[in-house]
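Asks: A predicted structure for the sequence below; I have some questions about it.
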Amino acid sequence: MLIKYRPLDSAHADLAPAFQAFDSLVDQFFSNGGNLSKPWTPPVDIVETQNELVLKADVPDVKAEDIEVSFENGTLTLKGKREFEKKDEGKGYHRIERAYGSFVRAFTLPETVDPEKLNADYKNGVLTITIGKKEIAKPKSVKVNVHAN
C-alpha cells in the first residue's frame, strides 16, 4: 500500500492551507499539459416553482451548437465549449482573465421532475432549462366543507 507523506499536516497546521493551494496549482499545471488557465465552470441558478424546475446558466460567447443538454438516470448534464479566438492583427493582449475551453456541469434532480417536459432555450448568453413536474408532484388543495350541527 502506498501512503502519501505529508509532514506539515500536524506539525504546522497553520501552513497547511498554503501548501494545499500550492499542491493544487502544481497538480493543475501537470494535468493540463503545462497550462495554468483556470478551469471554466459557468454559474447556474436553480429555482423551483409549483409546476417546474428552472435552471439558468451563464454561458456568454458560447455558440448554441457548442452546448449539449442531456438528462439520464435523474441527472441533468450541461456540456459546452468556449473557444479562445486569438486574432493576430498586430495587437497584443495585456490581460486575459476570462476562462476558455470545455465545461461540464451535472445536477441530480428530484424524482418529481418529468424528463418528457424538458425544454432548453439559449438567449443573450443565458441557457435556460425548464423541466416540468410530474402531475403527482404538484401541490393540490382540497376545499373542506364545514357543516354546523
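Replies: Alright, I've got the coordinates. Numbering: from 1, shown residues only.
Asks: can you give me the strands for this protein?
Replies: Chain-ordered strands for the chain, with DSSP state E as the definition, fall at 44-48, 52-58, 67-72, 75-82, 101-108, 113-123, 126-133.
Asks: Of those strands, give the one that comes closest to V146.
Replies: Evaluated over the strands of the chain, closeness to V146 peaks at strand 126-133, with 31.0 Å, by Cβ to Cβ. Every C-beta, even on glycine, is put in place using the N, C-alpha and C of the backbone.
Asks: Tell me which residues of that closest one come out buried.
Replies: Residues of strand 126-133 classed as buried by neighbour count (16 or more other Cβ atoms under 10 Å): 127, 129-133.
Asks: Turn those residues into JSON lines, columns for pLDDT.
Replies: As requested, the buried residues of strand 126-133 are arranged in JSON lines below (pLDDT from 0 to 100):
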{"residue": "L127", "pLDDT": "97"}
{"residue": "I129", "pLDDT": "97"}
{"residue": "T130", "pLDDT": "96"}
{"residue": "I131", "pLDDT": "96"}
{"residue": "G132", "pLDDT": "94"}
{"residue": "K133", "pLDDT": "92"}
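Asks: Since that was my last question, I'll sign off now.
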